[in-house]
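>>> Provided below are the primary sequence and the corresponding predicted coordinates.
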Amino acid sequence: MQTKRTIFPNKLLPYLLLAPQLAVTLIFFIWPAVQAVKSSFEREDPFGFKTTFIWFDNYKRLFADPTYLNSVGKTAVFAVSVTLLAMSVSLLLAVSVNRVLRTNRVYTTLLVWPYAVAPVVVGILWWFMFNPSIGIAPYLLRGLGINWNHRIDGSHAMLLVIIAASWKQISYNFLFFVAGLQSVPQSLTEAAAIDGAGPFKRFWTIVFPLLSPTTFFLLIVNINYAMFDTFGIIDATTSGGPAQATNILVYKVYADGFLGLNIGSSAAQSVVLMLIVIALTAIQFRYIERRVQY
Amino acid sequence: MFKNVLFLSAGLAAVLSAAPVAAQTEIAWWHAMDAELGKKLEEIANGFNASQTEFKVIPTYKGSYPETLTAAIAAFRANEQPAIVQVFEVGTGTMMAAKGAVYPVYQLMADNGEPWDPSGFLAPVTGYYSDTDGNILSMPFNSSTPIMYYNKDVFEKAGLDRETAPKTWAEVEEFSKKIVESGAAPCGFTTGWVSWIQLENLSAIHDQPYGTLENGFGGLGTEFTFNGEVQTKHWENLKKWADEGLFEYGGPVGGADAPPKFYSQECAIYMNSSASRAGVINNAKDFEVGFAPLPYYDDVTTDPKNSIIGGATLWALNGKDPEVYKGVAQFFTYLSSPEIQAGWHQFTGYLPVTNAAYELGKEQGYYDANPGSDVAINQITRGTPTANSKGVRFGNLTQIRTVVDEEFEALLAGSKSAKEALDAAVERGNQILRDFEAANS
């Protein structure tokens, strides 16, 4: 397709130009990842005096450990729920705002605010609202006959972290959906309207398919967000409890490694997480992307 | 360019060395004391800094106990460790096993010519922090033991005697029922530190073994035995009382929800560390607080044993200049002087870790003027300690306590019976002990 190419005669220059980025990647990503892989094959005391190479023992123990399998299950529930909730609510909001002609700037601004809040602050915020002793939500729920206590009830706790994590992500999704909706040509929907299609029909047959690149992008971002970026929220609201009901994989890496000082197992878990990310991304790009209409 | 930098830094060095501040050796002290306790701790460091000109102790708050320990270990691996770190009693097993990382305090004091008399410390303190040869490895600083706090005003409202605290668990149940039924308060009692108070201390007070090999003092091969009859019965009761609304759970680890429940007069009785005293006094503005020993089951024992120690000690970490350790030794001597210890103990509710500090308090008439302030020390020194009541020492105890909390939560949620929960905790705990044994032997 291209007819003219700029050719740099200097063979070294491209490498030099790439060097800063490569150095950052090597130091901050590749090097720690290699260290994690190495540690995952070792057993070490917390201070690092004695290190024994133990092959796959950490991995074998991990997959025989019911608490780890529990954590895998919790992560699946959490990630799917957060992704579905955050994406559907934000799509609904985006469509609503898109229909409002005059004040949509105001709504957009207001809806984007939560994105600027740090994850830990989000966690504290929801922890405070739902605190069984001093929170406002349990007080109101008691009026409805629901005895809210996420300190004891695992499903309450899971619900709480799903709501908190989704709330934070809605703004981000919303922005992309609004932008996506604005790029849907008005002429198509008008033509459909003239042909007699109602708002629902118009949305599902025209707008939604045209939004699919945005939706696909957000799907990947949201799953990754739910699985890896929600550490602060979990830590501040439930700390993985009660009885490991919200102990998702990324939190377990922290709890076992940093609180439990079991570095070998923690490293093995992070290697497994790394493989999950690679697999998820590969699957998404290979299979889902094919069905997306760009 | 390079010359300029060299010139500048030389100039800077000259300026710095001319200032008297540079002559001071700085001693980093990482701690886990927040709020009232943290302020008091900084006061002590400032007091030491003002008492001499050679050293400067710089206290830094590093978060909760587990966070402080983790931070210190991570720093040690990166060779950035502080000279002194405060480690809670749960981390003692981990620290004792880390021989290369620790500068034992008895050695530190001897090397620097500071006076050191182990017999001056309170017996339970020496017993807990000594190695198998009887040497104290870390500097006793803030030792505590759990006690019971109660709301005298709510007791009166419920038709109970405001001066009589429940002595036995049967009375705790009876009083709680009266309190809830009379509407004096919506909840009878709550507790901080479920694993420490409702399992470790419960076992000690009733002379039940927590683990084999003298509760772990005898070696790394220890196994847990806390799923005995007494413990199972107690957990069954706690579940029953939770269902009846007499008991409210305050959350895992320290139980962050427990103090507000007591301060807001929601729960009338509150079991927590004696070091919660400062916070309780500060927050109980609208009601009068009573202090009492922990309850016991009178059908199990009529002679409750001593409760066990909590709180933290100060560990000197290896890898610093001799000059720094000289300062650390002097600071430790300053810390254990009767005036400082008594002041800290009386302000915070921690135990007086030296006999001299306790005597000084008596002389000052502190215990007569503040009824209930000697509950903790009387409780931890009562009777003759047995192998079951001198404390617990296990590696990775932080993780094990998390396991205990989780199983307790499973019990409260109704997914396990008391027996199943304790059996599961023992099994998972033993697994963690074997990990520790494998990593440290």
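In hand now; what should we look at?

>>> Counting neighbours, what do you get for the residue in the stretch 51-200 of chain A that chain B sits nearest to?
Residue nearest to chain B within the stretch 51-200 of chain A (C-beta to the nearest C-beta): residue A:152, separated by 4.6 Å. Quick note: C-beta positions are derived from backbone N, CA and C, even for glycine. Residue crowding around residue A:152 was assessed by other C-beta atoms under 10 Å in any protein chain shown; the count is 24.

>>> Not counting sequence-adjacent ones, nearest residue to it?
For residue A:152, the nearest residue in space outside its immediate sequence neighbours is residue B:412; the separation is 4.6 Å by C-beta to C-beta, 6 or more residues apart in numbering or on different chains.

>>> and that neighbour, how many neighbours does it have?
Residues within reach of residue B:412, counting by other C-beta under 10 Å, total 24.

>>> Give me the three-state assignment for the residue sitting nearest the centre point of chain B.
Nearest to the centroid of the C-alpha atoms of chain B, with distances taken as C-alpha atoms, centre = their mean, sits residue B:311, at 1.7 Å. Secondary structure state of residue B:311, per DSSP: H, G, I helix; E, B strand; the rest coil, is strand.

>>> is it in a bridge, and if so with what?
Each beta-bridge partner of residue B:311 is listed here, defined by DSSP bridges: residue B:143.

>>> I figured it hits residue B:89, correct?
Yes: applying C-beta atoms under 8 Å as the test, residue B:311 and residue B:89 come out as touching, 6.2 Å apart.

>>> what do the two both touch?
Common contact partners of residue B:311 and residue B:89 (C-beta atoms under 8 Å, 6 or more residues apart in numbering or on different chains): residue B:143.

>>> near chain A at all, stretch B:216-229?
No: shown here: stretch B:216-229 not in contact with chain A (C-beta under 8 Å from any C-beta of the partner chain), separated by at least 11.8 Å.

>>> quick one: contacts of that stretch?
Stretch B:216-229 is contacted by residues B:93, B:97, B:132, B:199-200, B:203, B:208-213, B:215, B:387, B:390-395, B:400, B:419, B:422-423, B:425-426, B:429-430, B:433, B:436-437, B:440-441 when judged by C-beta under 8 Å, 6+ apart.

>>> what does the stretch 51-200 of chain A have sitting close to chain B?
Taking C-beta under 8 Å from any C-beta as the contact definition, the stretch 51-200 of chain A meets chain B at A:67, A:131, A:132, A:133, A:134, A:151, A:152, A:153, A:154.

>>> now the nearest residue to the last one once chain neighbours are set aside: how far from residue B:112?
Closest residue to residue A:154 in three dimensions, ignoring its sequence neighbours and counting by C-beta to C-beta, 6+ apart: residue A:245, at 3.0 Å. Remark: distance between residue A:245 and residue B:112 (C-beta to C-beta, to the nearest Å) = 51 Å.

>>> Compare those two (neighbour count), which wins?
Using other C-beta under 10 Å as the criterion, residue A:245 and residue B:112 rank with residue A:245 on top: 23 against 17.

>>> so that one, which of the three states?
For residue A:245, the secondary-structure state derived from three-state DSSP is coil.

>>> And the pLDDT at it?
Residue A:245 carries a pLDDT value of 91.

>>> Residue A:73 is in contact with that one, correct?
No: look at residue A:245 against residue A:73 with C-beta under 8 Å: they stay out of range, at 10.6 Å.

>>> what about residue 282, helix or strand, and which?
The chain I'm using is chain A. Residue A:282 belongs to helix A:263-283 when elements are defined using DSSP states H and E.

>>> hm, I was asking about chain B
Assessed by DSSP H and E, residue B:282 sits inside helix B:277-283.

>>> Need the residues that contact that helix.
Judged by C-beta under 8 Å, 6+ apart, the contacts made with helix B:277-283 from elsewhere in the structure are B:35-37, B:40, B:149, B:259, B:262-263, B:270, B:289, B:291, B:347-349, B:373.

>>> which residues sit in contact with residue A:183?
Shown here is residue A:183, whose contacts under the criterion C-beta under 8 Å, 6+ apart are residue A:210.

>>> Which of the contacts of helix B:277-283 ranks first by neighbour count?
Neighbour counts for the contacts of helix B:277-283 were taken using other C-beta under 10 Å; the highest belongs to residue B:262, which has 31 neighbours.

>>> Who does the closest residue to that residue other than its chain neighbours form a beta bridge with?
The shortest distance from residue B:262 to any residue other than its chain neighbours is 3.7 Å, reached at residue B:270 (C-beta to C-beta, 6+ apart). When bridges are assigned using DSSP bridges, the partners listed for residue B:270 are residue B:149, residue B:190.
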